[in-house]
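A.B. asks: just need the structure, nothing else, for what follows:
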Amino acid sequence: MAVEVIMPKVDMDMTTGKISLWHVKAGDAVKKGQALFEIETDKSAMEIESPGDGVVQALAGTGTDIPVGQVVGYILAAGEKVPVANTITVIPAKPGTQVLATVAPESPGSHERGDDRFSGKTRATPLARRLARQKGIALVSVTGSGPRGRIVAKDVEAAHVIVPVTAVAPVVGGTTLKPLDGMRRIIAQRLVQSKQTVPHFYLSMSCGLDNLLAVRERLNAHAPKGADKNPLWKLSVNDFVIKALAVALQRVPDANVTWSDEGILQHTSSDVGVAVSVDGGLFTPVIRAAHVKTLSQISLEMKDLATRARARKLRTEEYQGGTTAVSNLGMYGVEDFQAIINPPHATILAVGAGLPQFVPVNGLPVLKTVMKCTLSCDHRAVDGALGAQLLASFKQLMEEPALMLA
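C.D. replies: Got it, this is the predicted structure:
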């Protein structure tokens with residue numbers, strides 16, 4: 001019996017997914033648990049495994065949004081054919097064309113819960129709407145043969161789904177319009193919401209890095225080596241930043257909070273999100289309980305999270321939550337900037353580049369490495385004096401890194 005391969009729901013708020021890559025092609029033999037394809041959602045990418053043994057056939061195309069629960073392929077036994085009523089016919093599309101596909105029925109129960117995503121406001125008879133729900137066909141893709149173009153039952157019976165393929169379209173004036181993907185749209189919505197609803201204020205301090213850089217050099221020089229004779233870890237300045245901010249939150253616990261409409265949530269653990277740039281946007285994976293982890297643990301964990309973030313293979317729980325965040329643009333040469341708070345966090349630390357500067361010491365100019373840091377605070381949860389205490393504690397830990405271990 002044919003085994004259906006469906007678009008799974010991997011996030012709570014996921015309604016559609018996009019197949020970014022097939023690991024197999026039609027006619028290939030597969031085993032249960034073998035990687036079949038990768039899906040791309042608004043937030044991540046995930047590898048989907050085969051639900052059974054057999055030969056894969058009728059594979060849906062890549063690059064288009066597919067509703068959760070829709071059949072994207074079949075796994076057949078030897079000599080078995082794809083069910084005629086549910087055949088998935090996909091024509092590979094060029095930019096600006098359309099993909100023609102017959103989709104499988106929607107998941108059971110969607111009609112009972114009032115799901116009308118397949119009917120919309122298109123003119124159609126009640127029977128045509130019911131058939132569209134049962135077959136999982138979007139009425140906007142159906143050409144009506146009834147009076148004034150109204151869709152009737154026979155139109156749905158013979159219908160295929162027309163799925164638009166979005167491409168970069170030329171615009172007058174020598175520019176191009178790049179359509180928003182799911183990630184960029186979500187980022188835009190959250191940042192606009194933050195700037196419009198969160199009362200930001202900003203505090204800046206300069207941190208001397210000479211002691212820290214010396215400690216970092218010694219620790220890296222004594223890092224244990226693996227079988228390949230290479231160090232098992234290599235600490236970055238950002239690893240110290242994460243640790244220092246986590247410890248500072250423990251020293252100033254009233255700042256280790258997040259805002260909610262019901263009240264201010266006090267946290268006992270310092271869970272620090274770290275902004276990671278990826279193609280088309282960014283993720284903020286979270287280092288949990290960073291205050292109790294060693295610098296080498298933080299370094300290894302951050303390297304793993306950043307690698308999987310860029311491959312869009314983070315699990316949902318790895319980039320949700322947290323109590324604060326770090327955004328470090330120092331590696332790009334940025335000296336000073338202000339970051340936008342990621343709700344429900346109450347703070348975010350913007351870290352600039354460490355640069356040589358002359359600093360007065362006993363009345364004489366001394367060349368030191370100095371890094372500018374700016375703390376963005378949500379004034380609803382963190383007042384000015386409290387934010388200043390947190391930033392001052394962070395500065396002390398950065399300038400005397402041995403205190404992070406106390």
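
A.B. asks: just checking, which helix or strand of the chain averages the lowest pLDDT?
C.D. replies: Least confident element among the helices and strands of the chain, by mean pLDDT, DSSP states H and E: strand 98-101 (a mean of 37).

A.B. asks: per-residue confidence for the residue in the chain sticking out farthest from the centre?
C.D. replies: Here the chain reaches farthest from its C-alpha mean at residue 363, the gap being 49.9 Å by Cα atoms, centre = their mean. As predicted, residue 363 sits at a pLDDT of 91.

A.B. asks: over to residue 193?
C.D. replies: Looking at residue 193, its pLDDT stands at 89.

A.B. asks: show me the strands in the stretch 201-350 of the chain, by range?
C.D. replies: Secondary structure of the stretch 201-350 of the chain by DSSP state E, counting those that start in this stretch: the strands cover 257-260, 263-266, 272-274, 276-278, 281-283, 286-287, 324-328, 347-361.

A.B. asks: got the residue ranges for the helices in the chain?
C.D. replies: For the chain, the helices defined by DSSP state H occupy 126-135, 153-157, 182-197, 210-221, 237-251, 295-310, 316-319, 384-399.

A.B. asks: save these as a markdown table, and put in mean neighbour count and distance to residue 34 too.
C.D. replies: Any C-beta I mention is one placed from the backbone N, CA and C, and that applies to glycine too. Putting the helices of the chain into a markdown table (neighbours: other Cβ atoms under 10 Å; distance: least, Cβ to Cβ, whole Å) gives the following:
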| stretch | mean neighbour count | distance to residue 34 |
| --- | --- | --- |
| helix 126-135 | 19 | 30 |
| helix 153-157 | 17 | 36 |
| helix 182-197 | 13 | 27 |
| helix 210-221 | 15 | 41 |
| helix 237-251 | 24 | 37 |
| helix 295-310 | 18 | 21 |
| helix 316-319 | 16 | 24 |
| helix 384-399 | 19 | 48 |
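
A.B. asks: tell me which of those sits nearest to residue 227.
C.D. replies: Closest to residue 227 of those is helix 295-310 (Cβ to Cβ; 16.4 Å).

A.B. asks: so for the closest one, what's the average pLDDT?
C.D. replies: Computed over helix 295-310, the mean pLDDT rounds to 95.

A.B. asks: dump the residue contacts of the closest residue to residue 243 other than its chain neighbours.
C.D. replies: Leaving out its chain neighbours, the residue that sits closest to residue 243 by Cβ to Cβ, 6 or more residues apart in numbering is residue 404, at 5.3 Å. Neighbouring residues of residue 404 by Cβ atoms under 8 Å, 6 or more residues apart in numbering: 240, 243-244, 247, 295, 397.

A.B. asks: how about those residues in CSV, adding distance to residue 142?
C.D. replies: Output for these, formatted as CSV (distance: Cβ to Cβ, whole Å):
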residue, distance to residue 142
240, 60
243, 59
244, 60
247, 61
295, 61
397, 64
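
A.B. asks: now do stretch 392-402, average pLDDT.
C.D. replies: 97.

A.B. asks: so how far is it from its chain's centroid?
C.D. replies: 31 Å (Cα atoms, centre = their mean, to the nearest Å).

A.B. asks: what comes into contact with that stretch?
C.D. replies: 205, 207-209, 211-212, 215, 240-241, 243-245, 247-248, 251-252, 349, 371, 373, 375, 403-404.

A.B. asks: output the below-cut-off pLDDT ranges for the stretch 1-150 of the chain.
C.D. replies: Within the stretch 1-150 of the chain, the stretches with pLDDT under 70 are 11-13, 41-45, 84-122, 126, 133-136, 140-141.

A.B. asks: returning to what we had before: make a markdown table from the helices of the chain and add distance to residue 336 to it.
C.D. replies: Below are the helices of the chain laid out as a markdown table (distance: least, Cβ to Cβ, whole Å):
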| stretch | distance to residue 336 |
| --- | --- |
| helix 126-135 | 56 |
| helix 153-157 | 60 |
| helix 182-197 | 19 |
| helix 210-221 | 19 |
| helix 237-251 | 15 |
| helix 295-310 | 23 |
| helix 316-319 | 27 |
| helix 384-399 | 14 |
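
A.B. asks: tell me which of those helices sits nearest to residue 72.
C.D. replies: For the helices of the chain, the distance to residue 72 is smallest for helix 126-135, at 16.0 Å, taking Cβ to Cβ.

A.B. asks: which ones are touching the residue farthest from the centre of the chain?
C.D. replies: Contacts of residue 363 (Cβ under 8 Å, 6+ apart): none.

A.B. asks: so residue 6 touches residue 72, yeah?
C.D. replies: Yes - in this structure, residue 6 is within contact of residue 72 by Cβ atoms under 8 Å, at 6.6 Å.

A.B. asks: the more surrounded of those two?
C.D. replies: Taking other Cβ atoms under 10 Å, residue 6 and residue 72 do not tie; residue 72 has more neighbours (26 against 17).

A.B. asks: now the more buried one: closest residue in space, sequence neighbours ignored.
C.D. replies: Distances taken as Cβ to Cβ, 6+ apart put residue 60 closest to residue 72, at 4.0 Å, once the chain neighbours are dropped.

A.B. asks: try residue 283
C.D. replies: Closest residue to residue 283 apart from its sequence neighbours, by Cβ to Cβ, 6+ apart: residue 309 at 4.2 Å.

A.B. asks: so that neighbour makes contact with residue 315?
C.D. replies: No - at 10.9 Å, residue 309 and residue 315 do not qualify as touching, with contact defined as Cβ under 8 Å.

A.B. asks: can you name the residues that contact residue 81?
C.D. replies: The contact partners of residue 81, by Cβ under 8 Å, 6+ apart, come to none.
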